[in-house]
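*Asks:* One predicted model, sequence on top.
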Amino acid sequence: MKILDQRFTAAAQRGRYDENGKVKQHIEVSDREYSNALTTVQKDALVSNGSDVRKLTPKEYFRLMGFDDADIDLLVRNGISNSQLYKMAGNSIAVNMLEFLFCQIFDNNNEIWV
């Protein structure tokens with residue numbers, strides 16, 4: 001995802017070994033204009049304004065994957081936990097990208113031409 005608001009940058013929560021061999025969690029801020037890939041682990045997609053860090057919400061994850069709010073709200077109303085919603089979004093494929101790929105593979109006669 002490209003971050004359009006210049007006040008924010010991509011960040012991720014990472015575990016790194018300290019000098020005593022113990023894993024400590026810390027925030028790694030990126031200097032790139034794109035965020036990390038969406039995965040089933042919600043700590044990979046954070047945004048930072050330099051002082052504050054915020055993780056993307058499940059709704060934001062699904063929006064990035066091309067789902068509309070009505071579909072997302074249906075999942076939420078059915079009592080699916082945020083942890084499961086993050087996993088579901090991270091395991092999906094972007095709907096718009098899938099549609100584009102199919103259009104490139106099949107012509108109007110449903111013949112493969114790749």
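*Replies:* Perfect, I can see it now. In this text the structure is predicted, and so the values were computed from the model without any measurement.

*Asks:* For the strand ranked longest in the chain, what does the pLDDT average out to?
*Replies:* Longest strand in the chain by number of residues, with DSSP state E as the criterion: strand 9-17. The pLDDT scores in strand 9-17 average 78.

*Asks:* Low-confidence bits of this structure, can you list those?
*Replies:* Scanning the chain for pLDDT under 70 picks out 1-6, 32-45, 47, 107-114.

*Asks:* at 50 what do you get?
*Replies:* In the prediction, the chain carries no residues with pLDDT under 50.

*Asks:* Domain boundaries for it, per the record?
*Replies:* Domain assignment for the chain, taken from automatic domain parsing, gives 1-55, 57-114.

*Asks:* how distant is the last one from the center of its chain?
*Replies:* Put simply, domain 57-114 sits 11 Å off its chain's centre (C-alpha atoms, centre = their mean, to the nearest Å).

*Asks:* just stretch 53-63 next, same as before
*Replies:* Here stretch 53-63 is found 7 Å from its chain centre; the criterion is C-alpha atoms, centre = their mean.

*Asks:* What's the end-to-end length of that stretch?
*Replies:* 20 Å (C-alpha to C-alpha, to the nearest Å).

*Asks:* list the buried ones in it?
*Replies:* 55-56, 58-63 (16 or more other C-beta atoms under 10 Å). Where C-beta positions appear, they are placed from N, C-alpha and C, glycine not excepted.
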